[in-house]
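A.B. asks: Below are the sequence and a predicted model; questions follow.
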Amino acid sequence: MEKNYPQKVSIQEILKTAFSYWNRTLFYQLSFSLLYFSLFFLGYFFLFKYFGLWDEMSQHSELLKTDFEAFNKKMAEVSKLPQTQSFLLGIFFLFAFLNPLNVGFYKIYRKTDLKEKIIMNDLFAGYIGFAFFKFFGFYLFWMIIFSYANSLPLLGVVWIILTLFSVPLMFFMNVNTIEGIKLTVKGLKQDFTTVFICVVIAVLFSLSGLLLFGFGFLLTFPFWHAMIYTLYQQFFKEND
């Protein structure tokens, strides 16, 4: 496939388009959030108990009420246990398993463009056939790099920006992880200011649902994907 860049549009038009995608697919946004967070917390607590951290925490639960400083010291000791490292590795795999759900949004938005009927199964596009292994591997790689990058100020943000379009590029253009990052960088060079402003707005709106009694977050959280797809449409054109 040939990759090139269409004519630029204003930030206002990009925001309008992103909100349109989000607004027209609210049912699937809510379904995604409920499924994603339910599975995440179930997986989190399962791993927490499986690696024995629940028992470790329970031994020191009384200190939480009587001596918070002592409790923190005990938690610091727990964090150095081998099973804690195994738990964190398990969380990486949990994220890698759940995040292919994100891929489904790009199929849904594309079907919206084509005026095709959207079905619930579209949300699971990232789990069909080889696509699952492709995106599972990408998200596992992404999480490992992010965990190291995030230990330094702003480096985690840089990693997010560098991989901003990787998933839609991998899905629509069938590129690999490295090529997806390279193409993302090329796209960013076209108009980094516009991308940065739109990303900041997307993050703020995605988090804004927390102000609506917390429940609004289930609807606003997926807006991030609508913005990425809109920007992808702006910076990349798919030609056979």
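C.D. replies: All right, it came through fine.
A.B. asks: which SSE is the residue nearest to V9 when sequence neighbours are not counted in?
C.D. replies: Distances taken as Cβ to Cβ, 6 or more residues apart in numbering put Q234 closest to V9, at 6.2 Å, once the chain neighbours are dropped. In this view, the C-beta of every residue, glycine as well, is placed from N, C-alpha and C. Using DSSP states H and E, the element containing Q234 is helix 223-235.
A.B. asks: Touching that helix from outside, list them.
C.D. replies: 5-6, 8-9, 14, 17-19, 21-22, 25, 29, 102, 105-106, 109, 164-165, 167-169, 172, 187, 190-191, 195, 198-199, 201-203, 205-206 (Cβ atoms under 8 Å, 6 or more residues apart in numbering).
A.B. asks: among those, which ones are buried?
C.D. replies: 14, 17-18, 21-22, 25, 29, 102, 105-106, 109, 164-165, 167-169, 172, 187, 191, 195, 198-199, 201-202, 205-206 (16 or more other Cβ atoms under 10 Å).
A.B. asks: burial count for the residue nearest to V9?
C.D. replies: Using other Cβ atoms under 10 Å, Q234 has 22 other residues around it.
A.B. asks: The one 4 residues further on now?
C.D. replies: Counted with other Cβ under 10 Å, the burial measure for E238 works out to 13 neighbours.
A.B. asks: Determine the set of other helices and strands touching the top helix by length along the chain.
C.D. replies: As assigned by DSSP state H, the longest helix anywhere in the chain is helix 26-50. Helices and strands touching helix 26-50, by 3 or more Cβ pairs under 8 Å, 6 or more residues apart in numbering; DSSP states H and E, are helix 82-98, helix 101-113, helix 217-220.
A.B. asks: Pick the most deeply packed of those.
C.D. replies: Compared across these, helix 101-113 shows the largest average neighbour count, a mean of 21 (mean count of other Cβ atoms under 10 Å).
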